[in-house]
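**Student:** Predicted model and sequence follow; I will ask about them next.
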Amino acid sequence: NAGVMQNPRHLVRRRGQEARLRCSPMKGHSHVYWYRQLPEEGLKFMVYLQKENIIDESGMPKERFSAEFPKEGPSILRIQQVVRGDSAAYFCASSPTAANTEAFFGQGTRLTVV
Amino acid sequence: AQKITQTQPGMFVQEKEAVTLDCTYDTSDPSYGLFWYKQPSSGEMIFLIYQGSYDQQNATEGRYSLNFQKARKSANLVISASQLGDSAMYFCAQQGTSYGKLTFGQGTILTVHP
């Protein structure tokens, strides 16, 4: 049973480009969470999705950021028109139920905006 | 709203000694979960230990144990017999009642000296 898979591991984008981060949850997990870790900080919740539904996006910036978790395929975190302040590590976690006792994290995608 | 506080930005310990990493939390949820994660320099988030608020006993996982004091709202991580490989950033996190969203503390950098 493969763990949570995130790709790419490292992503470099120029200012103004789009960044697409992918997360494949563990097999059988239908709950996905995205977190952002700025340098020297802890992880901050961004969005919680179940298949085809956004349940809580209270941590998402109001503009340029969007997330989806389609019926088929990975969850996608999309950042449009990236700026230098978007440079961070983005982590995805998945769980089999809403109230899990162990959140499994992917290895993260490190986004660098140049 | 939930809040997690880790008051120790950095800790040092001698190899083979025990070390305690502090974590306090603040929540109004009637039930909740507390997690500890390790983040080595490679960046991945490694789950260490989980404590449910209604668990009668303190959680233990190998060399890791959680000193859970509910009345004080503290959930300190105790690492026994420290190893050089324990050098990493450690995060405390809380999960509320409704679903698996985690709120993280600022982290503590642990350095194990030979």
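**Tutor:** Great, that's in hand.
**Student:** Could you list everything residue 109 pairs with in the sheet?
**Tutor:** No chain in the question, so chain A it is. A:Thr109 has the following beta-bridge partners by DSSP bridges: A:Tyr90.
**Student:** Actually, chain B is the one I wanted.
**Tutor:** Here B:Ile109 shows beta-bridge partners B:Gly10, B:Met89, assigned using DSSP bridges.
**Student:** Could you tell me how many residues sit around it?
**Tutor:** B:Ile109 is flanked by 15 other residues according to other Cβ atoms under 10 Å in any protein chain shown. In this view, the C-beta of every residue, glycine as well, is placed from N, C-alpha and C.
**Student:** can you pull the pLDDT of it?
**Tutor:** For B:Ile109, the pLDDT comes out at 97.
**Student:** who's in contact with it?
**Tutor:** B:Pro9, B:Gly10, B:Met11, B:Ala88, B:Met89, B:Tyr90 (Cβ atoms under 8 Å, 6 or more residues apart in numbering or on different chains).
**Student:** if I look at the closest residue to the third one other than its chain neighbours, how far off is chain A?
**Tutor:** Excluding the flanking residues, the one nearest B:Met11 by Cβ to Cβ, 6 or more residues apart in numbering or on different chains is B:Leu110, at 5.1 Å. Separation of B:Leu110 from chain A (Cβ to the nearest Cβ, to the nearest Å): 15 Å.
**Student:** can you pull the contacts of B:Leu110?
**Tutor:** Counting by Cβ under 8 Å, 6+ apart, B:Leu110 touches B:Gly10, B:Met11, B:Phe12, B:Val13, B:Val19, B:Leu21, B:Ile79, B:Asp86, B:Ser87, B:Ala88, B:Met89, B:Tyr90.
**Student:** 7 Å - rerun?
**Tutor:** Contacts for B:Leu110 (Cβ atoms under 7 Å, 6 or more residues apart in numbering or on different chains) come out as B:Met11, B:Val13, B:Val19, B:Leu21, B:Asp86, B:Ser87, B:Ala88, B:Tyr90.
**Student:** Near chain B, which residues of chain A? Just list them.
**Tutor:** Applying Cβ under 7 Å from any Cβ of the partner chain, one finds that chain A approaches chain B through A:31, A:33, A:41-43, A:45, A:48, A:56, A:89, A:91, A:95, A:98-103, A:105, A:107-108.
**Student:** Run a quick neighbour tally on the closest residue to A:Glu41 other than its chain neighbours.
**Tutor:** Among residues not flanking A:Glu41 along the chain, B:Gln106 sits closest, at 6.9 Å (Cβ to Cβ, 6+ apart). B:Gln106 has 16 neighbours, counted by other Cβ under 10 Å.
**Student:** wait, doesn't B:Gln106 sit right on B:Ile4?
**Tutor:** No - using Cβ atoms under 7 Å, B:Gln106 makes no contact with B:Ile4, being 8.2 Å away.
**Student:** returning to that earlier point: filter the residues of chain A next to chain B to the buried ones?
**Tutor:** The neighbour-count criterion (16 or more other Cβ atoms under 10 Å in any protein chain shown) marks A:31, A:33, A:42-43, A:45, A:48, A:89, A:91, A:95, A:100, A:103, A:105, A:107-108 among the residues of chain A next to chain B as buried.
**Student:** Now pLDDT and secondary structure too, for those, in a markdown table please.
**Tutor:** Below are those laid out as a markdown table (pLDDT from 0 to 100; DSSP: H, G, I helix; E, B strand; the rest coil):
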| residue | pLDDT | secondary structure |
| --- | --- | --- |
| A:His31 | 91 | strand |
| A:Tyr33 | 94 | strand |
| A:Gly42 | 88 | coil |
| A:Leu43 | 94 | strand |
| A:Phe45 | 94 | strand |
| A:Tyr48 | 94 | strand |
| A:Ala89 | 97 | strand |
| A:Phe91 | 97 | strand |
| A:Ser95 | 87 | strand |
| A:Asn100 | 62 | coil |
| A:Ala103 | 74 | coil |
| A:Phe105 | 92 | strand |
| A:Gln107 | 93 | coil |
| A:Gly108 | 96 | coil |
